[in-house]
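*Asks:* got a structure for you, letters missing:
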């Protein structure tokens, strides 16, 4: 008997997988429609509420008139308060006075505040204290009524004349940054203590201004503004009513 030859199995035909229809687009459209309907409902309710309020106010017009009157009174009161506050600020600024003993007792940061307030008193409303770490030699900045930009470095000495004197290195810091960095027209160093003779000579050479204890006392007493107490102050930058 001849051996039986094994039958070859025909390869199975793979059927392509049936793709299931997804319902996600339909669900998204339904959600979008629901959201639109909800938005329209909210808008309709809002419009109905506004119409109802307007109709009620038209019937009860005296309520609207009373609210307007109260708003007008509140506005007038606020304006009056601002005007009175500005007047009192002006009075306090004009009457600002410091004695040297008061200045000696201040903390160095409060001394800078005092210098700023004195500049404001003399007509520099934008005077600001910028002293602190990284101030680059500027403790107070201000613009006077003549348009000149002032950069002031403050050196407070608690012991007054008994404290360490302001020397040339202090002036060198101011000279290196006042004009180049801060755009100063007038660079000033203010101290309630002493200033060495070499520092005064250096200031004159570099067109810096020194306010020593004597000048500070005159200025703080309120006799004249600082620019009238210093020599060789630059001319006004622009004409003003005061120039």
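*Replies:* Looks like it arrived, so ask away. The shown structure was predicted, so the numbers you read here are calculated from the model rather than taken from an experiment.

*Asks:* what's the distance between the residue nearest the centre of the chain and residue 185?
*Replies:* In the chain, the C-alpha nearest the mean C-alpha coordinate belongs to residue 128, at 10.3 Å (CA atoms, centre = their mean). When distance is defined by CB to CB, to the nearest Å, residue 128 is 16 Å away from residue 185. Backbone N, C-alpha and C define where each C-beta goes, glycine included.

*Asks:* same thing with residue 129?
*Replies:* Per CB to CB, residue 129 is found 19 Å from residue 185.

*Asks:* Same question for residue 83.
*Replies:* In terms of CB to CB, residue 83 sits 33 Å off from residue 185.

*Asks:* More neighbours: which of these two?
*Replies:* residue 185 (19 against 10; other CB atoms under 10 Å).

*Asks:* By mean pLDDT, flag the weakest helix or strand of this protein.
*Replies:* When each helix and strand of the chain is scored by mean pLDDT, DSSP states H and E, helix 61-94 comes last, with a mean of 73.

*Asks:* tell me which residues in the following helix or strand past that helix are buried?
*Replies:* Later in the chain than helix 61-94, the nearest helix or strand by DSSP states H and E is helix 100-104. By neighbour count on 16 or more other CB atoms under 10 Å, the buried set for helix 100-104 is 100, 103, 104.

*Asks:* ok, those residues vs residue 47, which is closest?
*Replies:* Taking CB to CB as the measure, residue 47 lies nearest residue 103 of these, at 66.9 Å.

*Asks:* Which parts of the chain are strands?
*Replies:* Counting by DSSP state E, the chain has strands at residues 128-129, 140-143, 149-155, 186-191, 209-211.

*Asks:* Same list (these) but as TSV, adding mean pLDDT and distance to residue 35.
*Replies:* Listed next are these as TSV, based on pLDDT from 0 to 100; distance: least, CB to CB, whole Å:
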stretch	mean pLDDT	distance to residue 35
strand 128-129	94	53
strand 140-143	96	56
strand 149-155	96	59
strand 186-191	97	66
strand 209-211	97	71
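
*Asks:* For the closest residue to residue 176 other than its chain neighbours, the count of nearby residues, please.
*Replies:* Distances taken as CB to CB, 6 or more residues apart in numbering place residue 137 nearest to residue 176, at 7.1 Å, with adjacent residues excluded. Neighbour count of residue 137, defined by other CB under 10 Å: 22.

*Asks:* quick one: residue 137 and residue 152 touch, right?
*Replies:* No - using CB atoms under 8 Å, residue 137 is not in contact with residue 152; the gap is 9.8 Å.

*Asks:* Quote the end-to-end distance of stretch 157-165.
*Replies:* End-to-end distance for stretch 157-165, by CA to CA, to the nearest Å: 9 Å.

*Asks:* again with stretch 218-233
*Replies:* 17 Å.

*Asks:* Now it: buried residues?
*Replies:* Going by 16+ other CB under 10 Å, stretch 218-233 has these buried residues: 219, 220, 225, 226, 227, 233.

*Asks:* Show me the domain layout of the protein.
*Replies:* Following automatic domain parsing, one gets these domains for the chain: 27-92, 100-229.

*Asks:* Buried deepest among these, which one?
*Replies:* Among those, the stretch with the highest mean neighbour count (mean count of other CB atoms under 10 Å) is domain 100-229, at a mean of 18.

*Asks:* Do a quick rundown of the helices in this protein.
*Replies:* Here the chain has its helices, by DSSP state H, at 24-59, 61-94, 100-104, 108-121, 168-177, 197-205, 213-220, 226-229.
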